[in-house]
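In: Just the structure for this:
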Amino acid sequence: MPKPLHFNAFVMNTASHIHHGQWRRPDAGQTEFNDVDTWIGLAQTLEAAKFDAMFFADVSGLYGDPEADFDVYAHQGLQIPSNDPTVLLAALAVHTQHIGLATTSNVVQNHPFNFARQMSTLDHISRGRIAWNIVTGINENASRNYGLPALTDHTERYAWADEYVDIVYKLWEGSWDEGALLKDKEGSRFSDPSKIHKIFHQSARYRVEGPHLPAPSPQRTPVLFQAGSSTSGREFAARNAEAAFIIAPTRDVARQIVDDTRRRAAIHGRLPEDIKFFAGLSFIIGETEAEAKAKEAEYDRYVSVEGYLAHMAILDRTGRVYPPKTPLSEVDTNTSKGFTEWLSKAITDREPLIEDLAWLQARNSRIVGTPEQIADELELWRDAGVDGINVINWVIPGSFEEFGEKVMPVLRERGLAQREYAEGPLRQKLFGAPLLNDRHPAAGYRGAFAGGPASWEEANAAAQAAEDAAAQVHV
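Out: Prediction:
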């Protein structure tokens, strides 16, 4: 029988995340994102509706050209101000019991040793409900915020991510063997040192000795999300991701992304079902189709054209957002050329304006209708190979309250959504087991450091011997 879809709430610790301008609505609570009770209340609402997880996006800098003014971002509240979601997860963990909690963290923004420790701590606090969305970053300003002169080349960013995950895998999976934690009061042995190992990782970018300071958490490695649909992104997901977040304008495009990534996963010795795919969609819900259409018109009243254009970084040569009425023929930009090509194909009966692109983006991946019509559409997305939905809100908490109260019951009746939470950690809820399966590359570090080097000298000697042996084989 087809399995139910999974549902995540796709949110960000800011006022204007995806649907720009909606924060101006009277019922928009996301303006109070600094108030922890906003998020605690939403987490409890989502848990009552049996959402699988809260998925927090994040950025570490401004969009657009870092040399230009950022007035439009400040005016629109476009991911500035914003707060660190990773810190917030600790508060949500102690006010919920079942819902998964996913944070986004760029490999640039945190040293892997410190990040691994933070994730293990959160996984302990939440009793195994933490997930990590692995991103490589796209913002020049974010790179400068962490001391880099510029945004690293796209291919090099994924090479960086490959090493980053390798280090945290070593810490999470290999530094502590099973049975290392004793808590033996009579024998005065809290842990067994023979089962705790340093990792001695060294490269041009990182030097990490270890051992991992936290004992293994319920999942050891958090559930691994990845968002990125480029060729490099799909290849990275095929090797590392357990869940991939995709934004696709149609079900056919979604199917192509899913099929391609699963094909790549098989090349790396994984099974197609080792990766779950979540499509990002937003919903406008009415008791009748006419009511849903009327609500759509009301939502569109609050759309910020400038906000969408700024988010897409449709910038002129001075780094500023084009005026909305600019004809597409007058647009000359080094950024987001794919978006402008999309617009020229979508509108052929007149001269497209740059504001048309904002409206296409605002209405992209939007489903409008009754709960029954929405369920019909989601069933088609499932049939296209999608395993779950990242529900994108218009307002907080109203969008999620409405989806939980009106759509979720219809989905459950059709077997498209879970009725109750499965027991155990988040990975067990999603995949049936709390730990990574043996096909994942991180599993290769289990037991790998037993009997390993005791110093950097020994580690370097072993590495040199391995290089010499490989060179000899090559000869």
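In: Going by C-alpha atoms from here, please, whenever you check contacts or count neighbours.
Out: Fine.
In: Please give me every residue in contact with residue 303.
Out: Residues in contact with residue 303 (Cα atoms under 8 Å, 6 or more residues apart in numbering) are 19, 20, 21, 22, 362.
In: go on, residue 258?
Out: Residue 258 neighbours (Cα under 8 Å, 6+ apart): 277, 385, 386.
In: Which residue in the contacts of residue 303 has the weakest pLDDT?
Out: Taking the contacts of residue 303 together, the minimum pLDDT is found at residue 362 (88).
In: count of residues packed around that residue?
Out: 18 (other Cα atoms under 10 Å).
In: wait, it sits on residue 249?
Out: No: using Cα atoms under 8 Å, residue 362 makes no contact with residue 249, being 11.5 Å away.
In: which strands and helices sit next to the helix or strand harbouring residue 307?
Out: Applying DSSP states H and E as the criterion places residue 307 in helix 305-311. Contact here means 3 or more Cα pairs under 8 Å, 6 or more residues apart in numbering; DSSP states H and E; on that basis helix 305-311 packs against helix 71-76, helix 354-363.
In: among those, which is the most enclosed?
Out: When those are scored by mean count of other Cα atoms under 10 Å, the highest mean neighbour count falls to helix 354-363 (a mean of 20).
In: how far out from the middle of the chain is that one?
Out: 24 Å (Cα atoms, centre = their mean, to the nearest Å).
In: Stretch 430-446 too?
Out: 19 Å.
In: what's in contact with it?
Out: 166, 169-170, 173-174, 177, 218-221, 239-240, 269-270, 424-428.
In: Then stretch 243-253?
Out: For stretch 243-253, using Cα under 8 Å, 6+ apart, the contacting residues are 223-229, 237, 254, 275-281, 364-365, 380-381, 384, 390.
In: and if we set it to 7 Å?
Out: 224-227, 229, 237, 254, 275-280, 364-365, 381, 384 (Cα atoms under 7 Å, 6 or more residues apart in numbering).
In: swap in stretch 314-332?
Out: So stretch 314-332 is contacted by 64-65, 68, 305-306, 309-310, 333, 335-336, 351-355 (Cα under 7 Å, 6+ apart).
In: Sketch out the low-pLDDT regions of the chain for me.
Out: Applying pLDDT under 70 to the chain picks out residues 1, 333-344, 470, 473-475.
In: Quickly list the domain ranges of it.
Out: 6-286+370-445, 303-364 (automatic domain parsing).
In: how far is the first one from where the chain is centred?
Out: Going by Cα atoms, centre = their mean, the spacing between the C-alpha centre of domain 6-286+370-445 and its chain's C-alpha centre is 4 Å.
In: now swap in the last one and tell me
Out: In this view, domain 303-364 has its centroid 26 Å away from the chain centroid, taken as Cα atoms, centre = their mean.
In: go on, stretch 461-472?
Out: 38 Å.
In: Wasn't residue 406 part of a helix?
Out: Yes: the assignment for residue 406 by DSSP: H, G, I helix; E, B strand; the rest coil puts it in a helix.
In: Which parts of the stretch 51-200 of the chain are strands?
Out: Counting by DSSP state E, counting those that start in this stretch, the stretch 51-200 of the chain has strands at residues 53-57, 100-106, 130-135, 181-184, 189-191.
In: how big is the angle separating the second one from strand 130-135?
Out: Interaxial angle, strand 100-106 versus strand 130-135 (axes from the mean of the first three to the mean of the last three Cα atoms, to 10 degrees): 30 degrees.
In: So which elements touch strand 100-106?
Out: Where contact means 3 or more Cα pairs under 7 Å, 6 or more residues apart in numbering; DSSP states H and E, strand 100-106 is packed against strand 53-57, helix 85-93, strand 130-135.
In: likewise the shortest one?
Out: The helices and strands touching strand 189-191, judged by 3+ Cα pairs under 7 Å, 6+ apart, are strand 181-184.
In: Within the sheet, what are the partner strands of the longest strand along the chain, with directions?
Out: Counting residues, the longest strand found in the chain (DSSP state E) is strand 276-285. Neighbouring strands of strand 276-285 in its sheet, by DSSP bridges, are strand 243-246 (parallel), strand 366-369 (parallel), strand 388-392 (parallel).
In: would CSV of these with mean neighbour count and distance to residue 93 be doable?
Out: Converted to CSV, these look like this (neighbours: other Cα atoms under 10 Å; distance: least, Cα to Cα, whole Å):
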stretch, mean neighbour count, distance to residue 93
strand 243-246, 24, 21
strand 366-369, 19, 30
strand 388-392, 23, 20
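In: ranges for the helices of the stretch 1-150 of the chain?
Out: Counting by DSSP state H, counting those that start in this stretch, one finds helices in the stretch 1-150 of the chain at the ranges 36-48, 71-76, 85-93, 112-125, 140-145.
In: Figure out which of those is closest to residue 399.
Out: Closest to residue 399 of the helices of the stretch 1-150 of the chain, according to Cα to Cα: helix 36-48, at 10.5 Å.
In: Tell me if I'm right that residue 21 and residue 301 touch.
Out: No: Residue 21 is beyond contact range of residue 301, at 9.0 Å (criterion: Cα atoms under 7 Å).
In: Understood, closing this out.
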